[in-house]
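1. Got a sequence here, can you model it:
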Amino acid sequence: MESIEPEQPLVPILYHKISLERWLERKLPYETEYCTMDILEDMSLRVYQWLSTKDDLEVTIDYDSFQTDFINLLYDKYLK
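-> Now for the predicted structure:
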């Protein structure tokens, strides 16, 4: 009898990734008035402003799209 090998190795799932919405609404442990979204908005604004001041870089995206991409990048990269 032939054995069927799975395409991916069987690895137990130990936890589920928190949803993007829930992660953005999560309050900061050291500051009850702010949530993750507040910090990420400030970070994305500062990065966008910094990019705009660089002569050797050309910003080819509007701020709202940049902010969305920036937040999704951090979520996908650091929340595994």
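
2. drop to CA atoms for contacts and neighbour counts, all remaining ones
-> Will do.

3. ok, now which ones touch Lys17?
-> Residues in contact with Lys17 (CA atoms under 8 Å, 6 or more residues apart in numbering) are Leu79, Lys80.

4. 10 Å instead?
-> Trp23, Asp76, Leu79, Lys80 (CA atoms under 10 Å, 6 or more residues apart in numbering).

5. In a strand, Val47, correct?
-> No: looking at Val47 with DSSP: H, G, I helix; E, B strand; the rest coil, it is helix, so not inside a strand.

6. Quick check: it touching Val59?
-> No: assessed by CA atoms under 10 Å, Val47 is found out of contact with Val59, at 11.3 Å.

7. Identify the contacts common to those two.
-> With CA under 10 Å, 6+ apart as the test, Val47 and Val59 both reach Phe66.

8. Spell out, range by range, the helices that occur in this protein.
-> 20-25, 36-53, 63-78 (DSSP state H).

9. Residues in contact with the shortest one: which ones?
-> Think helix 20-25. By CA under 10 Å, 6+ apart, helix 20-25 touches 17-18, 34-40, 71-72, 75-76, 79.
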